[in-house]
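Student: for reference, the sequence and a predicted model appear below.
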Amino acid sequence: MSSSNRYSIINPSKSPFFYGYVILVLGTLGIYFSIPGQTIGVSLFTDPVKDALGLSRNQFSNAYMIGTIISSMFIGRAGIWFDRYGARYTAFFAALTLAMALFLCSWSLEMTYFVKNMLRLDSWMVPFTIMTLLFFLLRFSGQGVLTMASRNMIMIWFDRNRGKVNAVSSIAISFGFSSSPLWINFLIEEYRWEGAWRLLAIGLLVFSLLIFQFYKNKPEEHGLIPDGAADPIEIKKDVRVEKKQYTLKEAKGTRAFWMYGLMLAFNSFFITGLTFHVVSIFASEGYPKSDAISIFLPGSVVAVAISTIFNYLSDYLSLKLYLFLMIFGGMLASIGFLMLAYPFGIPLLIAGFGIMGGFFAVLNAIAWPRFYGRNHLGAITGKVMGLIVLASALAPSIFSLCYATFDSYRVVGYIGTAFLSFVLMGSLKANSPQ
């Protein structure tokens, strides 16, 4: 038994069907179980936790931002762990770390009292510092490592059918994430915020055991190949040969790495900032709260439709076309953001961020193994994930700064248009490195 499968009773080579489909289900679940470390999983805890700890909304938000920025600095290292130790161990310890962080979050009030008494210091800096450290653990292990390891594992087990399986995974994740506020809110109302975090931690502990048994690093370690071709003749006929396995240093030397990475980071920046300030953004243009909240459902429909169709087609089409279409979506969103005061502004905004979100789901999964191979996928995607997380951390503050300085959010639209113009020009020669 290989060391990568040690202590596991599951043998993929004995499966009656291609084990990659088990990987698809478990890897998708792994991304779903990262929700407690995602913005959507933390946001519902904001009001009860900040009130209990005596923090203002601004202080709590800054703790979240700083913790997220620090986590972005370490995600690249986690990618190297993925390449060295594989998806199984990396995801297992990420799930354990996330569970530990959730338990600690549930005791944050007791920890605050303890530190204040020990230091004889009654200051908001105590809970602020504690939550900053806890947010670092949540964001690093949840949004960062567990998500990255689970997604990369799925991509490694498939080659010619990456787009098709990513379509299935993306649909499941979209519906799972969109429904998560309902059951998280139920847990908070039934068991208070402390109990909700503890129940989520217990769920992560249980899932970590499933990771240890069912996650597998590469099909080749078990005498299998990507997509499940059955014999050498089929292998020669069906498996795409990767001409070069790029290291992170080599990947960073290509134009494609930076143009695709910057576009994915812009999507994270724009969506996070819009979500965080949506009520204020719409109010500044004279719209009620109901109009602000209503944009997300049609935007999600557009994103799911785009990701489903173009994930499937990605097995046959150039990803450079996808990059240009994503930039086009970003342009629509930025122009819609600028023109919110006009009747056509909201439809443009919805279409734009929906198109961007749809192509984000495709390119963030498909581009990196296709462009750079599988051997150093963790280090490469870890670096990209660091850019994405950093962009999401900075977005709320930059949006807020623009509003405070110019008494309007419209300047964000100008910044977005200028940045996307730069990415468009840079992408003209961002060809596949293969």
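Tutor: Great, that's in hand.
Student: which residues of the stretch 1-150 of the chain score low on pLDDT?
Tutor: 1-5 (pLDDT under 70).
Student: how about the helices in it?
Tutor: 20-32, 39-42, 46-53, 57-106, 108-119, 125-138, 147-157 (DSSP state H, counting those that start in this stretch).
Student: what is the fourth one packed up against?
Tutor: Using 3 or more Cβ pairs under 8 Å, 6 or more residues apart in numbering; DSSP states H and E as the contact definition, the elements that helix 57-106 packs against are helix 46-53, helix 125-138, helix 147-157, helix 162-214, helix 377-406. (C-beta placed from N, C-alpha, C; glycine too.)
Student: now the nearest residue in space to residue 402 that is not next to it in sequence: which helix or strand?
Tutor: Taking Cβ to Cβ, 6 or more residues apart in numbering as the measure, residue 402 lies nearest to residue 411, with 4.7 Å between them; neighbours along the chain are not counted. According to DSSP states H and E, residue 411 maps onto helix 410-427.
Student: what comes up buried for that helix?
Tutor: For helix 410-427, the buried set under the neighbour-count rule, 16 or more other Cβ atoms under 10 Å, comprises 410, 411, 412, 413, 415, 416, 417, 419, 420, 423, 424, 427.
Student: now these in TSV, please, with extra columns for distance to residue 79.
Tutor: Supplementary listing: those in TSV, determined by distance: Cβ to Cβ, whole Å:
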residue	distance to residue 79
410	37
411	34
412	30
413	33
415	29
416	28
417	32
419	25
420	27
423	23
424	28
427	24
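Student: quick check, nearest of these to residue 124?
Tutor: For the buried residues of helix 410-427, the closest approach to residue 124 (Cβ to Cβ) belongs to residue 412, at 29.6 Å.
Student: picking that back up, hey, which of the helices of the stretch 1-150 of the chain is tucked in deepest?
Tutor: Each of the helices of the stretch 1-150 of the chain was assessed for mean neighbour count using mean count of other Cβ atoms under 10 Å. The highest is helix 147-157, with a mean of 27.
Student: most centrally placed residue in the chain?
Tutor: Nearest to the centroid of the C-alpha atoms of the chain, with distances taken as Cα atoms, centre = their mean, sits residue 143, at 5.5 Å.
Student: contacts only, for that residue.
Tutor: 34, 37, 38, 39, 71, 389 (Cβ atoms under 8 Å, 6 or more residues apart in numbering).
Student: tell me how far the spatially most distant residue from the centre of the chain lies from residue 265.
Tutor: Summary for the chain: using Cα atoms, centre = their mean, the residue whose C-alpha lies farthest from the chain's mean C-alpha position is residue 120, with a distance of 39.9 Å. Here the criterion is Cβ to Cβ, to the nearest Å. By it, residue 120 lies 44 Å from residue 265.
Student: just residue 180 next, same as before
Tutor: According to Cβ to Cβ, residue 180 stands 23 Å off from residue 265.
Student: of those two, who's got more company?
Tutor: Set side by side, residue 180 and residue 265 give different neighbour counts by other Cβ atoms under 10 Å, the larger being at residue 265 (22 against 17).
Student: could you give the average pLDDT over the helix or strand hosting the more buried one?
Tutor: Assigning secondary structure by DSSP H and E places residue 265 in helix 255-284. Confidence over helix 255-284, taken as the mean pLDDT, stands at 91.
Student: of all the helices and strands packed on helix 57-106, which one comes closest to residue 277?
Tutor: Between residue 277 and those, the tightest spacing by Cβ to Cβ is seen for helix 377-406, at 5.0 Å.
Student: which parts of the closest one are buried?
Tutor: Of the residues in helix 377-406, those buried by neighbour count under the rule 16+ other Cβ under 10 Å are 377-396, 399-400, 402-403.
Student: that helix vs helix 147-157, what angle?
Tutor: If you take axes from the mean of the first three to the mean of the last three Cα atoms, to 10 degrees, helix 377-406 sits at 140 degrees to helix 147-157.
Student: list the helices and strands helix 377-406 packs on?
Tutor: Helices and strands in packing contact with helix 377-406 are listed as helix 57-106, helix 147-157, helix 248-252, helix 255-284, helix 345-372, helix 410-427; criterion 3+ Cβ pairs under 8 Å, 6+ apart.
Student: what does the shortest one rub up against?
Tutor: This means helix 248-252. The contact list for helix 248-252, computed with Cβ under 8 Å, 6+ apart, reads 79, 257, 258, 371, 372, 376, 379, 380, 383, 433.
Student: can I get it as PDB, trimmed to CA atoms?
Tutor: Once side chains and other backbone atoms are set aside, the C-alpha atoms of helix 248-252 remain, and they are given as PDB (Å, rounded to 0.1, in the frame of the first residue of the first chain):
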ATOM      1  CA  LEU A 248       5.500  28.000 -10.100                       C
ATOM      2  CA  LYS A 249       8.500  30.100 -11.100                       C
ATOM      3  CA  GLU A 250       8.100  29.100 -14.700                       C
ATOM      4  CA  ALA A 251       4.400  29.700 -14.600                       C
ATOM      5  CA  LYS A 252       4.900  33.200 -13.100                       C
END
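Student: now residue 144: how far from residue 73?
Tutor: Relative to residue 73, residue 144 is positioned 11 Å away (criterion: Cβ to Cβ).
Student: same deal with residue 371?
Tutor: From residue 371 across to residue 73, the span is 24 Å (Cβ to Cβ).
Student: and what of residue 426?
Tutor: Distance from residue 426 to residue 73, counting by Cβ to Cβ: 25 Å.
Student: kindly report the same for residue 326.
Tutor: From residue 326 across to residue 73, the span is 26 Å (Cβ to Cβ).
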